[in-house]
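Q: Okay, sequence plus prediction incoming.
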Amino acid sequence: MPAPGPVMRPPSAALPGPPPNPAGGRPERARRRQIPWTERVLPWSDGAMTSFWTGKRVRLRGIEPEDWQTFRRFDEHSGHQRSVDAIHPPRSAEGYRTWTAERAVATPLDNRFQLAVEELRTGELVGALSTDATDLRAGRFRYGIGIVAEHHRRGYAADAVVLLLRFMFGERRFHKCEAGVHAFNDASLALHRRLGFTEEGRLRDHEYFAGRHHDLVLMGMTAQEFAQRHPFEEL
């Protein structure tokens, strides 16, 4: 889906001037033309109508009912399913249709929500992310993200996480983001370190799959640490 082009105000020369006053006095003040909102260049924008949820490589959007086939294809890859959650029993096509239909109309509660990750150039659905365990008193939240295997190592996850954190820190006033990463997932650990997360601890034998227990690495980043690497926009 191409991004909309810049919306410009018409040049002032194209606006009619004040009508002559037949009495010879001061000309009457021309009525100021009301500029429709669709033609206005907002003072905090660069002239282009861009979305807060659009990054350099991906766009975050709500889950649509028609996404069910793509999510079913994601779950056919057991490694992907395990990396974002756990292996579940097979679900029917109707089950996927019901799941996406419910997500499409769900109302976020206490800043807990789930979004689709869409490739910016092609509009292809490449993954999803979500927020969880939001603590409004302490200002903490957790998040999770999954990008389907064939789209790994293209910068989609990093771009999506920065968009999410910019919203949670800059628009919802959360103070800290936390994430749990499987200890064997070297790629995810490296991603979080590049983004500015700090390893804060390790839960030993915390998860169980593939016949044995696995450690979970706890990662965290504060709003101040995020802003140092990813400054908020100037208004």
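A: In hand now; what should we look at?
Q: For burial, what's the neighbour tally of residue 114?
A: By other Cβ atoms under 10 Å, the residues close to residue 114 number 15. Using the backbone N, CA and C atoms, a C-beta is placed for each residue, glycine as well.
Q: And what about the closest residue to it other than its chain neighbours, helix, strand or coil?
A: In space, and not counting its chain neighbours, residue 114 is closest to residue 130: 4.0 Å by Cβ to Cβ, 6 or more residues apart in numbering. Using DSSP: H, G, I helix; E, B strand; the rest coil, the structure places residue 130 in strand.
Q: Verify the stated contact: residue 130 with residue 111.
A: No: using Cβ atoms under 8 Å, residue 130 makes no contact with residue 111, being 11.1 Å away.
Q: on that earlier part again, do you know how far the residue nearest to residue 114 is from residue 112?
A: Residue 130 sits 8 Å away from residue 112, taking Cβ to Cβ, to the nearest Å as the criterion.
Q: Check which helices and strands the worst-scoring helix or strand of the chain on mean pLDDT is in contact with.
A: Least confident helix or strand of the chain, by mean pLDDT, DSSP states H and E, is helix 78-84 with a mean of 74. Contacts defined by 3 or more Cβ pairs under 8 Å, 6 or more residues apart in numbering; DSSP states H and E place helix 78-84 against helix 68-75, strand 140-147.
Q: Using PDB, write down the CA coordinates of the last one.
A: So the one you mean is strand 140-147. In PDB, the C-alpha atoms belonging to strand 140-147 read as follows (Å, rounded to 0.1, in the frame of the first residue of the first chain):
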ATOM      1  CA  ARG A 140       5.800  -1.800  33.600                       C
ATOM      2  CA  PHE A 141       4.600  -3.900  30.800                       C
ATOM      3  CA  ARG A 142       5.700  -7.000  28.900                       C
ATOM      4  CA  TYR A 143       5.700  -7.600  25.200                       C
ATOM      5  CA  GLY A 144       6.100 -10.500  22.700                       C
ATOM      6  CA  ILE A 145       6.800 -10.600  19.000                       C
ATOM      7  CA  GLY A 146       6.800 -13.300  16.400                       C
ATOM      8  CA  ILE A 147       8.100 -13.000  12.800                       C
END
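Q: Pull the number of nearby residues for the closest residue to residue 205 other than its chain neighbours.
A: Using Cβ to Cβ, 6+ apart and skipping the chain neighbours, the partner closest in space to residue 205 is residue 213 (3.6 Å). Residues lying near residue 213 (other Cβ under 10 Å) number 12.
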